[in-house]
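Engineer: Just a sequence and a predicted model for now, questions to come.
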Amino acid sequence: MEQIILIVHLLIALAIIGLIMLQQGKGADMGASFGAGGSQTLFGADGSGNVLTKATALLVVAFFATSFGLAVIAKDKAATVSDAEIPLPLVEQQEAPAEIQDIPAVDADLPAEMVGEDDIPNVD
């Protein structure tokens, strides 16, 4: 079932892309609409839309429905995986060896014999 919805979803997406590419934008006929069109508007009368606009709207609704269906299926699959009650291995916390714990983290904590004057560069 999921495979069928996914294939339909992809086909609808491609159809939406194709329909949008076929449609002509409002600015494409702006020069012709200055003197023509109804109600003396810049882009002419809009009307209720043509067949391409209505088909695009219908495909967008179908795309939303398939997206919602895929989300519901994914949620159901995630719920069944989390309910599987697979035992997780226990992780035991181990302490670091003593020689690693005794290393100071900041240079200011170093003993004086470890910090020499050779570490400070001279500026001439």
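Structural biologist: Thanks, I have the structure now.

Engineer: longest single helix anywhere in the chain?
Structural biologist: helix 51-82 (DSSP state H).

Engineer: list the buried ones in it?
Structural biologist: Neighbour counts over helix 51-82 (16 or more other C-beta atoms under 10 Å) mark Ala55, Thr56, Leu59, Ala62, Phe63, Thr66, Gly69 as buried. From N, CA and C alone the C-beta is placed, and that goes for glycine too.

Engineer: just curious, which of those residues is nearest to Ala78?
Structural biologist: Minimum distance to Ala78 across the buried residues of helix 51-82 is 15.1 Å, recorded for Gly69 (C-beta to C-beta).

Engineer: Can you tell me the closest non-neighbouring residue to Leu70?
Structural biologist: The shortest distance from Leu70 to any non-neighbouring residue, by C-beta to C-beta, 6 or more residues apart in numbering, is to Ile5 (5.9 Å).

Engineer: Is there a neighbour count for that neighbour? I'd like the number.
Structural biologist: 16 (other C-beta atoms under 10 Å).

Engineer: Including pLDDT and distance to Lys77, could the buried residues of helix 51-82 go into JSON lines?
Structural biologist: JSON lines is the format used below for those (pLDDT from 0 to 100; distance: C-beta to C-beta, whole Å):
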{"residue": "Ala55", "pLDDT": "92", "distance to Lys77": "33"}
{"residue": "Thr56", "pLDDT": "93", "distance to Lys77": "31"}
{"residue": "Leu59", "pLDDT": "96", "distance to Lys77": "27"}
{"residue": "Ala62", "pLDDT": "97", "distance to Lys77": "23"}
{"residue": "Phe63", "pLDDT": "97", "distance to Lys77": "21"}
{"residue": "Thr66", "pLDDT": "96", "distance to Lys77": "16"}
{"residue": "Gly69", "pLDDT": "95", "distance to Lys77": "13"}
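
Engineer: need the helices for the protein, in chain order.
Structural biologist: Taking DSSP H as the test, the helices found in the chain are 2-22, 51-82, 98-101.

Engineer: Any idea which of these gets closest to Leu90?
Structural biologist: helix 51-82 (19.4 Å).
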